[in-house]
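Colleague: Could you work out the structure for the sequence below:
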Amino acid sequence: MQYSKAIRIGVLKKVLFFENQSISNVAKETGICNQTIRNWIKQTQSGKVMTDVEDKSIRSLTFQEKYHLLKESLRLNDEEIGQFLRERGLHSEHLTLWDQEIREMVQKKSDKKDKDLKALKKKVEELEKELNRKDKALAETTALLVLKKKLDLLLKDPEED
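Modeller: Below you'll find the model as predicted:
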């Protein structure tokens with residue numbers, strides 16, 4: 001997966017510069033592979049500028065990249081958010097739209113889960129109803145067999161013993 005220059009810089013800042021976090025912590029937080037981060041560090045230390053991948057336009061950002069940017073922006077205070085947006089070439093409207101997209105996606109998933117849950121509950125009710133019917137039929141059959149045996153014992157000739 002190719003990451004935008006903004007995301008690469010953000011990750012490198014966390015690992016190398018200001019926050020000095022461990023690579024594994026940043027990898028867990030961002031969802032980016034440890035080895036990818038290590039490769040970015042090697043490129044930075046060797047003096048290579050990260051121009052091998054053109055910076056993507058905002059429209060071509062993946063959902064995962066949007067999510068990471070939104071998540072990163074939520075941790076910033078009002079003063080830092082302006083600088084964050086400028087560094088990445090974003091507007092505050094982008095964050096609002098991405099937040100709305102995420103909420104809609106979660107809502108759609110929960111609606112689908114609710115629909116699936118209702119279908120499963122209906123299926124369980126039908127199966128329980130069928131099971132009760134079969135239990136009653138089995139109980140009736142058992143009762144008839146017991147009555148037949150009793151009748152056979154009553155009608156049995158005493159001489160046959």
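
Colleague: ok now stretch 142-150, how far from the chain's centre?
Modeller: Relative to its chain's centre, stretch 142-150 lies at 57 Å (CA atoms, centre = their mean, to the nearest Å).

Colleague: Name the residues of that stretch that come out as buried.
Modeller: Neighbour counts over stretch 142-150 (16 or more other CB atoms under 10 Å) mark no residue as buried. For every residue, glycine as well, the C-beta is placed using N, CA and C.

Colleague: same deal with stretch 70-90?
Modeller: Using 16+ other CB under 10 Å as the test for burial, stretch 70-90 gives L70, E72, S73, I81, F84, L85, R88, L90.

Colleague: As JSON lines, those with pLDDT, secondary structure and distance to R103 would be great.
Modeller: Shown next, in JSON lines, are the buried residues of stretch 70-90 (pLDDT from 0 to 100; DSSP: H, G, I helix; E, B strand; the rest coil; distance: CB to CB, whole Å):
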{"residue": "L70", "pLDDT": "86", "secondary structure": "helix", "distance to R103": "11"}
{"residue": "E72", "pLDDT": "87", "secondary structure": "helix", "distance to R103": "18"}
{"residue": "S73", "pLDDT": "87", "secondary structure": "helix", "distance to R103": "15"}
{"residue": "I81", "pLDDT": "84", "secondary structure": "helix", "distance to R103": "19"}
{"residue": "F84", "pLDDT": "83", "secondary structure": "helix", "distance to R103": "21"}
{"residue": "L85", "pLDDT": "83", "secondary structure": "helix", "distance to R103": "20"}
{"residue": "R88", "pLDDT": "78", "secondary structure": "helix", "distance to R103": "21"}
{"residue": "L90", "pLDDT": "81", "secondary structure": "coil", "distance to R103": "19"}
